[in-house]
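Q: The following comprises the amino acid sequence and a computationally predicted model.
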Amino acid sequence: MPQEGRARPQAGLDVAGLIKRFGLSVAVAGVDLSVRPGEFFTVLGPSGCGKTTLLRMVSGILVPDGGRIAIGGRDVTAAPIWTRRVGLVFQNYALFPHMSVAQNVAFGLSMQGVAREERTARVARALGTVRLDGYEARRPSELSGGQQQRVALARAIVTEPDLLLLDEPLSNLDARLREDMRAELLELQRRVGITTVLVTHDIHEAFALSDRVAVMRAGKVEQLGAPTELYERPANRFVAGFLGPVNEWEGRVEARAEGQARVAVDGIGSFDVAAPANCAVGQTAWLVLRPERVCIEAAEATASGLVGRVDHVSHLGNLVNYRVALGARALAVQSPPLRGRTLGVGQSVRVSWHAGDVAAVAL
Amino acid sequence: MKRALTALNVLMIVYILAPIVLVVWMSFTPTMLFRIPITQFSLRWYYEVFSYSAYVDAALLSLRLGLLAALVAVAVGFCAAYGLVRWKPPGSAVLMGLFTAPLVVPAVVFGIAMLQFINRIGLYGSFTALLLAHVVLVMPFAVRTLQASIQEHGPELEWAAMSLGARRWRAVMLVTVPLCLRGMIAAFLFCFLISFSEITVTLFMTGPAHQTLPVRIFNYVSDRIDPTMAAVSSMVVLLTVVIALALNRLGALSELKK
């Protein structure tokens, strides 16, 4: 695939103190973030967290009630949408149904006054980029969902915008196609090198695609970082729980020394963890442990670890989810199926984990 | 039981259609008086209609009035519907009520009010006055039909167009208007149909100079009765049926029932 030469340097996005209210409710309550040029950035959050509102302010569809937006260093806070040089892709594709595929893709070029011959050539190249060569004359209604979304992508990138904004672009596709499109989208973004902001509620999508992720809740960014960083070092209980199933323990801070803290959890033990922000001795602290980090074995097979009893088993094929009763606590455990024998309900087991896998989080 | 219901249905259809069939039938009799059974077929009264210039003039006036009123109503109604759908201004429910008020206000009341208003601004007896009244009368049909049509397509299409460099006006003209074309044609036909057959308000508005077809028929029938009016009525029925069929094809009739 030939490398598309970019006529202009890549642009970053800077958002500072962005606020949007709808009536009495605050949809976006002061968001700061900056997206590096060429980066694939994702805003992840449950529905209603304000992520789409944020994206609409960046694209110029909505006018913010406060704050500042800059694309490539240019302040566009008050600029109308048609001057912002952003490519938009929507969940419902938003292709112009009365136009052919070629006319759809050529729309932005016509608006820029690009000459006919150049237009045709660039449309063909853009369709090639999304592997839809020869589809020029088709109508959007004749295409599958995945093909429509690829046309929408071609339409968005053909004008070489500064920023590609994707609003849940894969949510309308079925699971299988979504994975294919995910890979394709990533490959396309890398090849074209366009700064991209994706909005999604799908954790897997965010993790598979993004260089960095901002997790939003109730109009605010809860944590921002690389996917693995968020997963392994969640800043708070919400982020920990939103990114996947997690065991949470409420403990008490027993001691603390520079950066470290010792947290005791009744019935489980004490843990040395990186100290969460402003924790003092005697205060409550929350610890989290991912189910897949727990080792589970039959009690008679090992002498290390805590003894518990299997409460519930569910097989997922490549993985097995257990619920283990540890005294009064329930521990979620996920592991590949054990070779040879299975652990059944009521069986006595030992569970253990690496001390470094337990993390302290803020409330 | 089922047979009784079928019989009732047939009776009702006969009841609805009989007067129309009778009028059409009547228009083809050669004689002055309508006699059953009919033995002869003649286009005499149609010939009479077209040689009576008052009918022809009235028909042309109605046509001109209907087309113009429909055109203005669709243009203004599109702007109104667009604003109501896309911007949802505060009090948009009240505004919508205002646009559809002519459906609720009794025609006589509206006619008298309009007459006084037109008199006050010194337009009585003019074609403009008639046109204004008809635009108001047909507006509910335009706004309702176009509102449904605009609502059918979300704002994403316009956003996409604007993100690609089209100013709002251009995005609306290049994307929204073409997509609402069916709705616009339907609204136009609707408005024309309403205007073409309107009589109550028109009676108040027309001086002797501007008698629309329904008014002319009404005045004619008050004087005397002969089969020319049956011929005129038959032609109006034909036009109405054609437009109604077109509207049905456009799916506009079911739209209005919502």
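A: Received the coordinates, thanks. Numbering: from 1, shown residues only, chains lettered A, B, ... in the order given.

Q: any weak-confidence spans in the stretch 1-150 of chain B?
A: Along the stretch 1-150 of chain B, the parts satisfying pLDDT under 70 run over B:34-38.

Q: Would you map the strands across it?
A: With DSSP state E, counting those that start in this stretch as the definition, the stretch 1-150 of chain B shows no strands.

Q: In it, which residue sits nearest chain A?
A: With distances taken as C-beta to the nearest C-beta, the stretch 1-150 of chain B approaches chain A most closely at B:Pro90, which sits 10.7 Å away. Quick note: C-beta positions are derived from backbone N, CA and C, even for glycine.

Q: Give me the phi and psi for that residue.
A: B:Pro90 adopts backbone torsions of phi -60, psi 140, taken as degrees, to the nearest 10.

Q: before we move on, what about A:Asn104?
A: Dihedral angles for A:Asn104 - degrees, to the nearest 10 - are phi -60, psi -50.

Q: Just give me the neighbour total for it.
A: 28 (other C-beta atoms under 10 Å in any protein chain shown).

Q: can I assume it is in contact with A:Pro140?
A: Yes: under the criterion of C-beta atoms under 8 Å, A:Asn104 makes contact with A:Pro140 at 6.8 Å.

Q: Find the residues that touch each one of the two.
A: Common contacts of A:Asn104 and A:Pro140 (C-beta atoms under 8 Å, 6 or more residues apart in numbering or on different chains): A:Leu95, A:Phe96, A:Val151.

Q: Please go through those residues and note which also touch chain B.
A: A:Leu95, A:Phe96 (C-beta under 8 Å from any C-beta of the partner chain).

Q: Filter the shared contacts of A:Asn104 and A:Pro140 down to the buried ones, ChimeraX style.
A: To isolate the buried members of the shared contacts of A:Asn104 and A:Pro140 in ChimeraX, using 16 or more other C-beta atoms under 10 Å in any protein chain shown:
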select /A:95,96,151
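
Q: With pLDDT and secondary structure as added columns, please give the shared contacts of A:Asn104 and A:Pro140 in a markdown table.
A: Listed next are the shared contacts of A:Asn104 and A:Pro140 as a markdown table, based on pLDDT from 0 to 100; DSSP: H, G, I helix; E, B strand; the rest coil:
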| residue | pLDDT | secondary structure |
| --- | --- | --- |
| A:Leu95 | 95 | coil |
| A:Phe96 | 95 | coil |
| A:Val151 | 95 | helix |
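
Q: CA atoms only for the helix or strand hosting B:Ser233, dumped as CSV, please.
A: Per DSSP states H and E, B:Ser233 falls inside helix B:228-249. Listed next in CSV are the C-alpha coordinates belonging to helix B:228-249 (Å, rounded to 0.1, in the frame of the first residue of the first chain):
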residue,chain,number,x,y,z
THR,B,228,-73.1,22.4,-15.7
MET,B,229,-72.2,22.4,-12.0
ALA,B,230,-72.3,18.6,-12.1
ALA,B,231,-69.7,18.8,-14.9
VAL,B,232,-67.5,21.2,-13.0
SER,B,233,-67.9,19.2,-9.8
SER,B,234,-66.9,16.0,-11.7
MET,B,235,-63.7,17.7,-12.9
VAL,B,236,-62.9,18.9,-9.4
VAL,B,237,-63.5,15.3,-8.1
LEU,B,238,-61.1,14.0,-10.8
LEU,B,239,-58.4,16.4,-9.9
THR,B,240,-58.8,15.7,-6.2
VAL,B,241,-58.6,11.9,-6.8
VAL,B,242,-55.5,12.3,-8.8
ILE,B,243,-53.8,14.4,-6.2
ALA,B,244,-54.9,12.1,-3.4
LEU,B,245,-53.5,9.1,-5.2
ALA,B,246,-50.2,11.0,-5.7
LEU,B,247,-50.1,11.8,-2.0
ASN,B,248,-50.9,8.2,-1.1
ARG,B,249,-47.9,7.1,-3.2
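
Q: name the helices or strands packed onto it?
A: Using 3 or more C-beta pairs under 8 Å, 6 or more residues apart in numbering or on different chains; DSSP states H and E, the elements in contact with helix B:228-249 are helix B:2-27, helix B:44-51, helix B:53-87, helix B:181-197, helix B:213-223.

Q: excluding its backbone neighbours, what's nearest A:Asp162?
A: A:Ala11 (3.9 Å; C-beta to C-beta, 6 or more residues apart in numbering or on different chains).

Q: Identify the residues contacting that neighbour.
A: So A:Ala11 contacts A:Pro37, A:Ile71, A:Gly72, A:Gly73, A:Asp162, A:Leu163, A:Thr195 (C-beta under 8 Å, 6+ apart).

Q: Buried only: go through these for me.
A: A:Ile71, A:Gly72, A:Asp162, A:Leu163, A:Thr195.

Q: excluding its backbone neighbours, what's nearest the second one?
A: Same thing as A:Gly72. A:Ala11 (2.9 Å).

Q: What strand or helix carries the one you found?
A: Short version, using DSSP H and E: A:Ala11 is in no helix or strand.
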